[in-house]
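**Student:** Generate coordinates for the sequence data below:
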Amino acid sequence: MIIDKKTVEYVANLARIELSEDELKTMSFELKDILGFIGKLNELKTDDVPPTSHILPINNVLRKDLPGQSLSCEEATANAPSKENGFFGVPKVIE
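**Tutor:** I've put the predicted structure just below:
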C-alpha cells in the first residue's frame, strides 16, 4: 500500500487532526514503515499457532457465585442524598 502525503492528509482529516507540512511528511514515512512491518508479519506461517489474548498463561481467579443476603431498599438508600418512593432520587436531565 502506498502511503503518500495525500493519504496522510485524508486520514488526519478523518481523525480531525491538523498536521503541519513537516508532520505530514514525517507521518507518511512512519506509516509506510509500519505497514511494511505488518506486511512482513503477514508473510509468516501461522496456521499451527492458536490465537491468544495474552502472551502469558494467565487465568482469572474468580470467587464462586453463591447466593447471599441482599440489602433491603432502606439499607441501600440509607445514605442517599435524595430518595423518592424507596428509590434513589436523581435530578431530571431531559429538557
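
**Student:** ranges for the helices of the chain?
**Tutor:** 5-14, 21-42, 73-76 (DSSP state H).

**Student:** Looking at those, which one is packed in the most?
**Tutor:** helix 5-14 (a mean of 14; mean count of other Cβ atoms under 10 Å). For every residue, glycine as well, the C-beta is placed using N, CA and C.

**Student:** what's in contact with that one?
**Tutor:** The contact list for helix 5-14, computed with Cβ atoms under 8 Å, 6 or more residues apart in numbering, reads Glu18, Leu19, Leu24, Lys25, Met27, Ser28, Leu31.

**Student:** quick one on the thing from earlier: so for Leu62, which of the helices of the chain sits nearest?
**Tutor:** Among these, helix 73-76 comes nearest to Leu62, with 24.6 Å by Cβ to Cβ.

**Student:** Give me the distance from the closest one to the chain's centre.
**Tutor:** In terms of Cα atoms, centre = their mean, to the nearest Å, the centre of helix 73-76 is found 35 Å from the chain centre.

**Student:** Does anything pack onto that helix? Which helices or strands?
**Tutor:** Here helix 73-76 touches no other helix or strand, going by 3 or more Cβ pairs under 8 Å, 6 or more residues apart in numbering; DSSP states H and E.

**Student:** separation between Val93 and Pro51?
**Tutor:** 42 Å (Cβ to Cβ, to the nearest Å).

**Student:** picking that back up, now pLDDT too, for the contacts of helix 5-14, in TSV please.
**Tutor:** As requested, the contacts of helix 5-14 are arranged in TSV below (pLDDT from 0 to 100):
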residue	pLDDT
Glu18	93
Leu19	92
Leu24	91
Lys25	90
Met27	90
Ser28	90
Leu31	90
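
**Student:** any chance of the residues you listed in TSV, plus distance to Phe87?
**Tutor:** Shown next, in TSV, are the contacts of helix 5-14 (distance: Cβ to Cβ, whole Å):
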residue	distance to Phe87
Glu18	47
Leu19	50
Leu24	55
Lys25	59
Met27	52
Ser28	57
Leu31	52
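
**Student:** Noted, bye for now.
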